[in-house]
Structure formats: C-alpha cells, structure tokens
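**Student:** sequence below, structure please.
(4 chains)
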Protein chains: 2
Amino acid sequence: MGVTIKDIAKRAGVSYSTVSKALRNSPLVKEDTKKKIISIANELGYQPNVAARSLVSKKSWTVGVVWPTVERVAPSTLITKINEELEKHAYTTLVSINKIDTAIETFHRFQVDAILVFYDRDDIDIESLPQHSNIPILYYGIAGSSPFPTIDVNRKKAIQLAVNHLSELGHKDIAYIGDLAERDLFQIEKVKSFKESIQQRGIELRQDMIAQINGLESHDGYLAARSMLQKKQRPTALISASYDLTRGILRAVNEAGLNIPKDISIVSYDNIPQMQNLVVPVTIVGVELTDITKKVTEILLQMIESKEVPSAIYLEPELVVRKSSAPPKDVL
Amino acid sequence: MGVTIKDIAKRAGVSYSTVSKALRNSPLVKEDTKKKIISIANELGYQPNVAARSLVSKKSWTVGVVWPTVERVAPSTLITKINEELEKHAYTTLVSINKIDTAIETFHRFQVDAILVFYDRDDIDIESLPQHSNIPILYYGIAGSSPFPTIDVNRKKAIQLAVNHLSELGHKDIAYIGDLAERDLFQIEKVKSFKESIQQRGIELRQDMIAQINGLESHDGYLAARSMLQKKQRPTALISASYDLTRGILRAVNEAGLNIPKDISIVSYDNIPQMQNLVVPVTIVGVELTDITKKVTEILLQMIESKEVPSAIYLEPELVVRKSSAPPKDVL
DNA sequence: TTGTATGCGTTATCAG
DNA sequence: CTGATAACGCATACAA
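**Tutor:** Here you go, the predicted model:
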C-alpha cells in the first residue's frame, strides 16, 4: 500500500491534520514541525493520493488532452510544448488516444479540470459529444467545426498571406502543393483558401496548378514538385502546405537545376525555426509555435477559473520573408 | 457539479446503496429496479467518479503509459494497439509525455493499476527511478537496461536472422543501413548485432558496409542506399533497420536501374503487413505487431493480479522470406 | 500552533 | 431484495 498522511503523522508524533497542513505549506504550522514532517514525507516516499485529494477539493490539477490520431506527427511538438507550459502553472497533463467521445468520458470520470481536444478529421459525430459538459472543453482546430470554444490558427488567412505576397511580387503562375486525398480538415481548409485567394487577386485559377498528392511526407512534396517543374507552362512560384513537403520540394528544385529564388520562388506554411536552416532560408506563413502554446495555455487556465471565453479564438498568422521568394524573371 | 448516485437515488426513490449495486449490475437487485435505475442514470448522464471509486476499491482500471518521446513515430502504432487490447479487458489507458520519473510519480498519485514505460534512449538516470514501486511497472525495451521487468522483442536475434539468411543464400558483401547518430538504444543494439553476426558467419567485417546516416526517415534510407550502390565493390545484399528506410532504399535501387533480387537482395527489420505491399514484397525479420501487443497486455494483466513475472521476456522474431531476397549472381 | 470532526462519492458489509 | 453505515485519504472549519 502507498504511504498516507496517517503514516507520516504516526512517525512524527502529530495528528494527521497537522501533516496535511504542513504538506500544503500552511502558515498555521510551526516551521520546525513543518520541516520535520516534510523530511519524514520524503524519507517515506510519500505521494499524495489524487483520488482522495480531488474528491474533497474538487480539483485534480490535471488537464486531459484528447489526441486520437497519435500516428500523426504534426501535433506532437505542440503537445509537448503545451505540457511544459502547463507544468509552469502546476498542472499535469494526461493524454488519451481513444476516440473523442470515450476520451471525453474518461476524463469526466477522472474529474480533470479541463479538456483539450485535438482533432483534424471531418468524421466526428458531433451528436455523440456531450452537449453541455461541466468540465470546460477547448478545441484546437477550425472554428465552427465543433460545439466547443475553438482555437483556430487561421490557416485560411495564412495561405492568403502567401498568395498575396507572391502576387505582389509579380507572380501569376503560382502552384499549390499540399495533400488533397486525406480527409483532413486542415488540409482542406488550406486548399480552399488557396483557390479563393488566387481568384481574389484576379488570377485565373488553373486546376493543374494544384498538385494531386496523397500524403504529407517529404517524398510526396518531392514528387509533386518534380511533376510541376516538368510542365510546359512551369509555375514561377510554389506554395507548400508544410515543412516536410517543403524539404522534398527543395530537393526537386535542386535536381532540376533551378535557382531559388531566381528561377522559382517558394513560400511555405509552418512557422517553425527549422525553416531557416534549409538549403535556402524559406519564406514562411503561419502562427509561431510559442504563440500557439502560450495562447492555448492561457485560455485553458481562464476556462478553469470559469471565466467566459469567446467561442472562437483566431491566432493571427504572420508572413516572414526570407531568401526563397523574389519577383519572377520577366518582372526583373 | 457532476451527477452522483445520490441524485439518481432521489429520482428513483431508493437508497443510494441500491443504486450503487444496480449500476454495478449486482444480482442482489430486482431486475425492474435495476432497469429503472439504469435508465435514470443514462437520462441524467451519470459518470462514475473515478476518484471516489478507486479510493474505496483501490483499483482504477487504468494503465498508465509513459511515453516521453512522443515525437517518435515508431511506438505510436504499438501504443494504439495496446490501448485497444486493454480496452477489451475493461482497462483504460492514459498516456504521460513527461520525462520518465515525473510520469511515474504522476501515475502513482493517480493510483493507476500498472505502468508501461516506453523508452529507447540511453540517458535515463536509473538512480532517479523509484527502486521499489507498489504499482507494477513494465518496461518495453532492452532487457537489462532498467531495473524493471522488460519486454524485449529481441532485435539482436532479428538482425542475426537476417544476416544468416543472406549468408546462407551465398552473400558475402552484405551492407547494413540504419541510424548510427541517434542515442537510441534500439538502433545501437541492431548495429551491434549486425557486426557480431557477420563475424560469426566468418565474413570479414568491412566498415564501409555500415551506412553512416542520421535519421530513420525514408529519405535517409534513400541517400544511404544510393551511396552504397555507387561503391566500386558494391554490396550484393542490404539489410535495412526499418520500414521507412526500406522505402527509401527501394527507390534508390530502382533509380540505379538494378533488379531486386537479381542484382541485389533486400532484407528489412519490422514485421508489419505494409511490407508486402511495396514494389517488391520484402523479406523481413522481427516480431509480429500483434504478438507484441498481445504479450504486453498479457504481462500487464498478470502483474496487476500480482502474479510473478520474469524480469526479462524475450519475444522471438521470425524471418519471413519474400521476393526481395535470393542468391547473388555469382552463385547462380 | 495543534487536534477533532465532518464530508467528498463510492463500494462493501451487515442488518433488516 | 433493500437500506443503513463504515471506510477509503485528504482538506478544512472549528474547537482547544
């Protein structure tokens, strides 16, 4: 059996309520007694029983993260960072990889203080979700796609920034390389935004400027870019949907003997530091990772304190211009 | 506040102890009463409070999984499967992505029934781990590298099988493609076994037959294979350390215009179904995924029932010969 | 400054 | 079959 405050009390020759106070660092306990109790607790390897504690205090100091698509790499960095951030505020995070409804159920049973849901597929059965949960639930995804408050990094706006940037430089033949096959809301959102933005700039939308690929791995980007570059009317600029794709694209461009940005410009989604360290520092659009984690943590804490939060929180993406984008040849 | 059995009792006009029994499907409650109570519970959206339950019954029906290296893709499928398997036995699994010692601490506070630790780095501070835990801990890794009982899929043996298979076919120039840069125990173990096995077969160990690569992505395998194939004394067989690497290797071989298995044989680690669906069905070594998940679950359940388990459980890898391996040309 | 008593939601034991 | 009641480990209002 685990060691309890009663065991400590016995050893210290005090009542167990004094132990409880001492361990919670209450000012109502003499320093000497406190020290003694704490040292005994450490000696015995005491771990407070969450069950008992949260039963009485109705707080578990735990945030549940719902992450049914573990296989996807993208959110893992994000989750790691959010975990670190929450730790600073004394919260522990626990992850469930079950499907969304059972995961939420589990976290209810565990009485976590808040739930963060990651989900990017379009196959959620909204009906099956608890319509009013007594535990606050925050969604990370696309505003409006779920009944919960949602943090949206505004992929729509990000792609728009990319298109506008290239268009302002004078590009007319802009291609988009991103996954179309997956039933992935984030990818769908980005392609949609590409089409809209192109038309808003008064550029004719050519279907062959949208790559047909089936994955988000580096190699998928490579293949897509290669076939793009072989076209008779080759694009003068490429927009990539992710870091991994960009790496592949860079390889294809290199193999084709083209110069970036002289022969072709590249703008990539994903605002992460690694983008600077590629063969050519790449122009990027997106919300900075630390901005996301900070915001997510902030909102979660607000929800826990039962403050009102808006139903949609948009994070503003930025455009960071680097060496990979420049005016096209004919404009120079 | 959440709804409790007392709320249900009030609505049903019975005592809350009757409700408790009814919900646990006790035979001591009349069917009618039971039905009524259950329907009220559903109506109210009742969720049993794990805190209270595990406080009295000393069982949380939960297994904690320690997985500090979320960014690594490899274990994710495994964890998903283990989760499914445990579900069949009424257990919930919760994942912690914290570092190993704090994760174990957390799970202690949550009083989970067992802890499964995934860790493949060599930088664990064994001293910092609880030396005797009242909660059973199972390690997934390399036997002997931790103080806990360990499930070991015997990578050593697997690579040996690969080497022997190729050697028996008549190959002498066998190269190994796997990551050497990472401080990853699994990779280290495999390279080590390659060297030993080669020598055991009386083949001279050439250092240039071990690829120097820095990652486990498909593209890393591609690059490594390409440079291998350009050597003056080209290997007649390649052993790959993982599925992803193999995909890259296949591409490189194809580009070089070589035929598998006529010009070169391929044997890959990772016993997963996808291996059959590559351009050439690939000969593989390793323990089948389902064998691993079944075994892990079995051992976990045994530990929970406080049965003794051996300190090292080796899972026997198998060799599945497919189209990608054949005798070298000179032997034909 | 310390100790006593109560209750959190549930299960389990015992009496009705 | 059903209903009191004790106990699980802890925090806290209150008493000493």
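**Student:** residue A:139: which element?
**Tutor:** Here residue A:139, judged by DSSP states H and E, is contained in strand A:137-140.
**Student:** distance of the nearest residue to residue A:229 once chain neighbours are set aside from DNA strand D?
**Tutor:** Residue nearest to residue A:229 in three dimensions, not counting chain neighbours: residue A:256, with 4.8 Å by Cβ to Cβ, 6 or more residues apart in numbering or on different chains. Yep, even glycine has a C-beta here, placed from its N, CA and C like the rest. From residue A:256 across to DNA strand D, the span is 64 Å (Cβ to the nearest atom of the strand, to the nearest Å).
**Student:** any idea of the pLDDT on the residue minimising distance to the centre of chain A?
**Tutor:** The centre of chain A sits closest to residue A:78, judged by Cα atoms, centre = their mean, with a distance of 4.5 Å. The per-residue pLDDT reported for residue A:78 equals 89.
**Student:** again, but for the one 10 residues further on
**Tutor:** With respect to pLDDT, residue A:88 scores 93.
**Student:** do the same with residue A:71
**Tutor:** 68.
**Student:** again with residue A:257
**Tutor:** What the model reports as pLDDT for residue A:257 is 94.
**Student:** how many neighbours does it have?
**Tutor:** A count of nearby residues for residue A:257, using other Cβ atoms under 10 Å in any protein chain shown, gives 8.
**Student:** what's the answer for residue A:230, then?
**Tutor:** The tally of other residues near residue A:230 (other Cβ under 10 Å) stands at 10.
**Student:** how far away is it from residue B:232?
**Tutor:** Separation of residue A:230 from residue B:232 (Cβ to Cβ, to the nearest Å): 33 Å.
**Student:** show me the contacts for residue A:24.
**Tutor:** By Cβ atoms under 8 Å, 6 or more residues apart in numbering or on different chains, no residues touch residue A:24.
**Student:** repeat that for residue A:175.
**Tutor:** Going by Cβ under 8 Å, 6+ apart, residue A:175 touches A:209, A:210, A:211, A:228, A:235, A:237, A:238, A:239.
**Student:** the closest residue to the third one other than its chain neighbours and residue A:212, how far apart?
**Tutor:** Ranked by Cβ to Cβ, 6+ apart and with sequence neighbours excluded, the top spatial neighbour of residue A:211 is residue A:224, at 3.8 Å. Using Cβ to Cβ, residue A:224 is found at 8 Å from residue A:212.
**Student:** re the thing from before, and what about the residue nearest to residue A:211, helix, strand or coil?
**Tutor:** In three-state terms, and counting by DSSP: H, G, I helix; E, B strand; the rest coil, residue A:224 is helix.
**Student:** hang on, it packs against residue A:177?
**Tutor:** Yes - when contacts are counted by Cβ atoms under 8 Å, residue A:224 is listed as touching residue A:177 (4.7 Å).
**Student:** what residues do the two have in common as contacts?
**Tutor:** Residues touching both residue A:224 and residue A:177 (Cβ under 8 Å, 6+ apart) are A:211, A:213, A:245, A:249.
**Student:** spatially, which two of those are the most separated?
**Tutor:** Distances among the shared contacts of residue A:224 and residue A:177 were taken as Cβ to Cβ; the most separated pair is A:213 and A:249, at 11.0 Å.
**Student:** okay, now the residue nearest to residue A:229: neighbour count?
**Tutor:** Look at residue A:256: counted by other Cβ under 10 Å, it has 15 neighbours.
**Student:** which phi and psi does it have?
**Tutor:** Dihedral angles of residue A:256 (phi, psi; degrees, to the nearest 10) stand at phi -80, psi 0.
**Student:** which bits of chain A sit near DNA strand D?
**Tutor:** Chain A has residues A:1-2, A:4-6, A:16-17, A:20-21, A:23-24, A:46, A:48-49, A:51-53, A:55-57 near DNA strand D, with proximity defined as Cβ under 7 Å from any atom of the strand.
**Student:** returning to that earlier point: and residue A:224 and residue A:212? Which one has more around it.
**Tutor:** A count of neighbours by other Cβ under 10 Å puts residue A:224 above the other of residue A:224 and residue A:212, at 27 against 12.
**Student:** what's near enough to touch that one?
**Tutor:** Neighbouring residues of residue A:224 by Cβ under 8 Å, 6+ apart: A:177, A:211, A:212, A:213, A:245, A:248, A:249.
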